[in-house]
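>>> sequence plus the predicted model coming up.
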Amino acid sequence: MEREVRVRFAPSPTGPLHIGGVRTALYNYLLARKLGGKMLLRIEDTDQNRFVPGAEQYIMDSLRWCGIVIDEGIEQGGPHAPYRQSERKPMYRQYAQQLIDSGHAYYAFDTPEELDAMRARLQAAKVPNPQYNSITRAQMRNSLTLPEDEVKQLLDSDTPYVIRLKVPRKEEIRFNDLIRGWVVVHSSAVDDKVLMKSDGMPTYHLANIVDDHLMEITHVIRGEEWLPSAPLHVLLYRYLGWESTMPQFAHLPLLLKPDGTGKLSKRDGDKLGFPVFPLEFHGTDADGQPTVSSGYRESGYLPEAFINFLAFLGWNPGTQQELFTMDELIEHFSIDRVSKSPARFDQNKVRWYNEQYLRAKPDAELAQYLIHDLEAQGLNVPTDKAVQIAGLVKERATFPADLAKEAQLFFERPTSYDEQVISKKWNAQVATGLAAFAQELPTSSDVTPDGIKALLTRVMEQQGIKLGQVLQALRVAVTGAAAGPDLMAIISILGPQETAERIEAAVSKLAVA
RNA sequence: GGUCCGUUCGUCUAGGGGUUAGGACAGUAGAUUUUCAUUCUACCAACAGGGGUUCGAUUCCCCUACGGACUACCA
């Protein structure tokens, strides 16, 4: 019988989640939904020294904002609770013991100083790859080299120790990566990794294998940085007797900094000139001073746009469609269309995606952003008017906040007039022509853009002025600026009275050359 | 240094033994617009290099170069 597909996103709560992590979570989620499986969130907090308060909540809030729904996790519980590794601490010990009993692991009593000395010695001897392995372990203080009674005595006293995996000396380890195909690594390249730390906590390597097995994970989708330790994980599954249900691996290509000089890290924060985090994050720097890192949400990105963009960094559907809702991503996603090579971040493209999604929103929804932002400035605007304005200015906006910026002209009379246009287009004839238009305007019965245009055309004909000569001047008189949305639509929304007053103000303020 | 992974327009990518190597973003030009923006159209622009295999390689293989990851009692 086919096993139910179960995937997990397993971040460590050492700070905010960066976009690479979000993408990993996204691909996991897409696969789970595509295959009708479950998505788990497991918190890997086995390093007590790197705990960052708030990080866990931040991760969950971020995923929620992105629309990534967790089926099992610390918030929602599930059949394999707890989902926080620190709370699973008692479970790992027995598996480490099992490995010791079967001869696949051993106790090591070396102090950090002894380990440093060992590495220094190997380096001095120009050993290409200094590591604790099948060769060097013979020179170290562990249960393989020490007499049995001494080991027993060391364990009984409170001497700190770790448990290390006994990696075989000569063995080819291979596994079939869903993205990269067969990966073959010789065991001599793998060191005797620590499985249990001296504080009694498991390391990532042990905890992740035990939990993935217990939680019945079928696919491990994670970043390429894990590829070198995947052979070690394969060994662990084998020695624990779980090889037949070992999950399939898929190592995702990395997300690089825009200049391509390395993987994007959370330490890049705001240094790159664009957010690397989904949500704004409040943390502390090395000196304990409070820091704020900007987020996509606070910068005005819509989650749909952010996700669509992120999905395309390393995956594509093979068609020419660029815009995908989450449901469409789920429908079209496939792990074998994930590329092998790393991707850099393209700020232009995220912006483009945001514009697409912003414009696709109904005017009524856009109006809500507008009303909200305007209210923050102390401006109250009727909904119907906000809808009209939003519809008019949305083509000019990248972010929701641009709407209110573009809308300012409706609420503030011009305080200055574009000088270029004035010097070129403003003259006595135009001034009188506009004054006449201002007089006629309040009597007009048709205040649609078309009606206003008809009136303007008629008045200018009477004045003997061509429309082209006066339009720029009219725009500047009404808005002060040389550029902006459709003028007739502006006047229509502004209304005849307000427009007329603005024109009259301009006529009286602007000297005629 | 060692091990592993990778390399198609500036960027994200499609393609795959015989193609005018396709799309998107950006850029440039034109059209529309009273203006800027939008929109539309066009243009610019790539198979890292060298060897094989083959009638034929961008595609398959090898080498080189370059880039990246990993190399902790961190994940």
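Cool, got the structure. None of the values given here were measured: they were computed from a predicted structure. Numbering: from 1, shown residues only, chains lettered A, B, ... in the order given.
>>> give me the buried positions along stretch A:162-178.
A:162-167, A:173, A:175, A:177-178 (16 or more other C-beta atoms under 10 Å). Bear in mind the C-beta positions are built from the backbone N, C-alpha and C, glycine included.
>>> now the strands for the stretch 301-450 of chain A?
Per DSSP state E, counting those that start in this stretch, the stretch 301-450 of chain A carries strands over the ranges A:343-344.
>>> which residue sits closest to A:Arg93, ignoring its sequence neighbours?
A:Met196 (7.3 Å; C-beta to C-beta, 6 or more residues apart in numbering).
>>> care to break chain A down by domain?
Residue ranges for the domains of chain A, per automatic domain parsing: A:1-73+A:254-267+A:277-360, A:88-207, A:362-412, A:413-513.
>>> tell me which of those domains lies nearest to A:Gly241.
domain A:88-207 (8.5 Å; C-beta to C-beta).
>>> first-to-last residue distance for the closest one?
9 Å (C-alpha to C-alpha, to the nearest Å).
>>> quick check, that domain touching RNA strand B?
Yes - against RNA strand B, domain A:88-207 shows contacts by C-beta under 7 Å from any atom of the strand at A:110-112, A:115, A:119, A:128-132, A:160, A:162, A:180-181, A:183-186, A:189, A:191, A:194, A:197-199, A:201, A:203-205.
>>> now a PyMOL select for only the buried ones of the residues you listed.
Command for PyMOL, covering only those of the residues of domain A:88-207 next to RNA strand B found buried under the criterion 16+ other C-beta under 10 Å:
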select buried, chain A and resi 110+130+131+132+162+180+183+185+191+194+197+201+203+204+205
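>>> just the residues of domain A:88-207 next to RNA strand B: which are in strands?
A:162, A:181, A:183-186, A:194 (DSSP state E).
>>> A:Ala500 touches A:Leu441, doesn't it?
Yes - assessed by C-beta atoms under 8 Å, A:Ala500 is found in contact with A:Leu441 at 4.7 Å.
>>> so where do the helices sit in the stretch 301-450 of chain A?
Counting by DSSP state H, counting those that start in this stretch, residue ranges of the helices within the stretch 301-450 of chain A are A:303-311, A:326-332, A:347-360, A:363-376, A:383-393, A:400-407, A:419-425, A:428-440, A:449-463.
>>> which residues touch the longest one?
Read that as helix A:449-463. Helix A:449-463 is contacted by residues A:429, A:432-433, A:436-437, A:440-441, A:444-446, A:466-467, A:470, A:474, A:486, A:488-489, A:491-492 when judged by C-beta atoms under 8 Å, 6 or more residues apart in numbering.
>>> would you reformat the helices of the stretch 301-450 of chain A as a markdown table and include distance to RNA strand B?
Listed next are the helices of the stretch 301-450 of chain A as a markdown table, based on distance: least, C-beta to the nearest atom of the strand, whole Å:
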| stretch | distance to RNA strand B |
| --- | --- |
| helix A:303-311 | 8 |
| helix A:326-332 | 12 |
| helix A:347-360 | 3 |
| helix A:363-376 | 14 |
| helix A:383-393 | 9 |
| helix A:400-407 | 9 |
| helix A:419-425 | 9 |
| helix A:428-440 | 13 |
| helix A:449-463 | 8 |
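>>> least reliable of these by average pLDDT, please.
Mean pLDDT is lowest for helix A:419-425 among the helices of the stretch 301-450 of chain A, at a mean of 88.
>>> residues of that helix that come out buried?
Within helix A:419-425, the residues that count as buried by 16+ other C-beta under 10 Å are A:421-422, A:425.
>>> tell me what it is packed against?
Packing partners of helix A:419-425 (3 or more C-beta pairs under 8 Å, 6 or more residues apart in numbering; DSSP states H and E): helix A:467-479.
>>> quick one: name whatever helix or strand follows the helix it packs on.
For helix A:467-479, the following helix or strand on the C-terminal side (DSSP states H and E) is helix A:487-494.
>>> is there proximity between the helix or strand that comes right after that following helix and RNA strand B?
Of the helices and strands lying after helix A:487-494 in sequence (DSSP H and E), the nearest is helix A:496-509. No - residues of helix A:496-509 are not located near RNA strand B by C-beta under 7 Å from any atom of the strand, the shortest gap being 13.0 Å.
>>> contacts for helix A:496-509?
A:413-414, A:417, A:431, A:434-435, A:437-439, A:441-442, A:444, A:447, A:474, A:476-478, A:491, A:494.
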